[in-house]
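3D model of this:
(one chain, ligands or ions: 2)
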Amino acid sequence: MAIKKILTEPNKILRQISKPVDKVSKEDQLLMDDMLETMYSANGIGLAAIQIGIPKRIIVMDISKNEDTKSPMYFVNPIIKNKNKEFSTYEEGCLSVPNQFAEVDRPATCEVHYLDYYGEKKILKAQGLLATCIQHEMDHLEGILFIDYLSKLKKSMIIKKLSKQKKSSDALVI
Ligand code: GNR
Ligand code: NI
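Ligands and ions are numbered 1, 2, ... in the order given. Have a look, this model is predicted:
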């Protein structure tokens with residue numbers, strides 16, 4: 001397994017639309033292993049393949065708080081159905097938008113149809129943080145980031161900050 005570099009905004013790759021997986025292959029399983037390790041090492045609760053530069057419709061998640069009882073989840077080609085008409089608000093963050101947090105409204109519950117690690121068809125009914133996180137990850141597959149839901153002003157302030165951070169870290173390399 002390997003820890004991969006997580007791409008951060010602004011980066012055009014994050015805006016790509018990810019492609020469906022044909023059949024869950026050994027290569028896809030190895031990708032999921034690397035994604036999970038990368039996510040844990042960054043203290044995240046979810047990661048989409050595009051965040052490490054791979055445009056496949058693959059997501060890993062683990063919303064368990066406890067270090068000892070890890071419960072990784074794998075979603076290949078996920079589709080969201082039966083979104084609740086009622087919305088919940090969560091303070092969201094994103095590993096591709098480091099150190100920035102904002103409240104986002106999303107359907108409170110939803111159903112996810114997907115293939116698991118072994119390519120088996122599954123359906124999951126999600127609520128609470130699970131529902132929010134899966135919808136945040138699904139957005140990554142469409143090239144959408146949570147900052148896209150904020151006002152133009154808030155979004156541009158965040159992008160400006162991240163560009164500055166990138167410039168100063170580039171300067172360190174020289
Ligand atoms: O680690 C993460 N935390 C989080 C908190 C609230 C809503 C969504 C998330 S997902 C995020 C990891 C990430 O960027 N996944 O794409
Ligand atoms: Ni994210």
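
and the longest helix along the chain, which residues are buried?
Among the elements of type helix in the chain, defined by DSSP state H, the one spanning the most residues is helix 152-173. Under the neighbour-count criterion of 16 or more other Cβ atoms under 10 Å, helix 152-173 has 155, 158, 159, 162 buried. Yep, even glycine has a C-beta here, placed from its N, CA and C like the rest.

can you check stretch 111-123 too?
Of the residues in stretch 111-123, those scored as buried under the neighbour-count criterion (16+ other Cβ under 10 Å) are 111, 112, 114, 115, 117, 122.

Mind checking which of these are in strands?
Taking DSSP state E as the definition of strands, the buried residues of stretch 111-123 contribute 111, 112, 114, 115, 122.

any idea which of these is closest to residue 20?
Closest to residue 20 out of those is residue 115 (9.9 Å), distances taken as Cβ to Cβ.

Farthest pair within the ones in strands among the buried residues of stretch 111-123?
Longest distance between any two of these is 14.9 Å, between 111 and 115; criterion Cβ to Cβ.
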